[in-house]
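[1] the following block contains a protein sequence and its predicted model.
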Amino acid sequence: MRAVIQRVTKGQVVINNKAVASIRLGFVILLGVEKTDNRDKADALAKKISNLRVFSDDAGKMNLSILDVHGKAIVVSQFTLMADTRKGNRPSFIDAALPEMARPLVDYFIKTLGKLGVETQSGEFGADMLVEIHNDGPVTILLDF
């Protein structure tokens, strides 16, 4: 699994001109699923994200987690994160999980993050989405599991 975590002051997902997810302080998580991914990787990734200390404390130091600041998350499934661009100019997505495997794993990840105490919303799997990200800092973290 690959996740791009962006610390935000505001995040929103719009599908067909309708907001389907909207948060203030928290994370917008772009999530890619690889063919070899499984629930163990989803569990580990959710645990890492929920405890990732990238929010500022009173001294301005990145020392607090999303749980500490009572932040929320939006998870957006994004198979293009699995792009292989090492050869040529057209990305290959051969390592990306097929939808019938990726969708349940994304859903499982979202539920797991919620069980860890992070209120979590999501986009719609496979939909054409507009993702609004007000990156705070900017802070962007890439996690590969």
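    Yep, it's here. Numbers count the residues shown, from 1 in each chain.
[2] what's the single longest helix in the protein?
    helix 99-115 (DSSP state H).
[3] ok, which stretches of this structure are strands?
    Counting by DSSP state E, the chain has these strands, from start to end: 2-15, 18-23, 26-32, 55-56, 62-64, 72-77, 119-122, 130-144.
[4] quick one: strands adjacent to the shortest one?
    Think strand 55-56. Here strand 55-56 has these sheet partners by DSSP bridges: strand 62-64 (antiparallel).
[5] taking the centroid of this structure, which residue is nearest it?
    Nearest to the geometric centre of the chain sits residue 29, at 1.8 Å (Cα atoms, centre = their mean).
[6] quick one: that one and residue 49 touch, right?
    Yes - the criterion here is Cβ atoms under 8 Å, and residue 29 meets it with residue 49 at 6.7 Å. Any C-beta I mention is one placed from the backbone N, CA and C, and that applies to glycine too.
[7] which neighbours do the two have in common?
    Taking Cβ atoms under 8 Å, 6 or more residues apart in numbering as the contact rule, residue 29 and residue 49 both touch 3, 5, 73.
[8] distance to residue 37, neighbour count and pLDDT added to those residues, as JSON lines?
    Output for the shared contacts of residue 29 and residue 49, formatted as JSON lines (distance: Cβ to Cβ, whole Å; neighbours: other Cβ atoms under 10 Å; pLDDT from 0 to 100):
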{"residue": "3", "distance to residue 37": "11", "neighbour count": "22", "pLDDT": "98"}
{"residue": "5", "distance to residue 37": "17", "neighbour count": "22", "pLDDT": "98"}
{"residue": "73", "distance to residue 37": "19", "neighbour count": "25", "pLDDT": "98"}
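[9] quick check, nearest of these to residue 107?
    Residue 107 lies nearest to residue 73 out of those, by Cβ to Cβ, at 14.3 Å.
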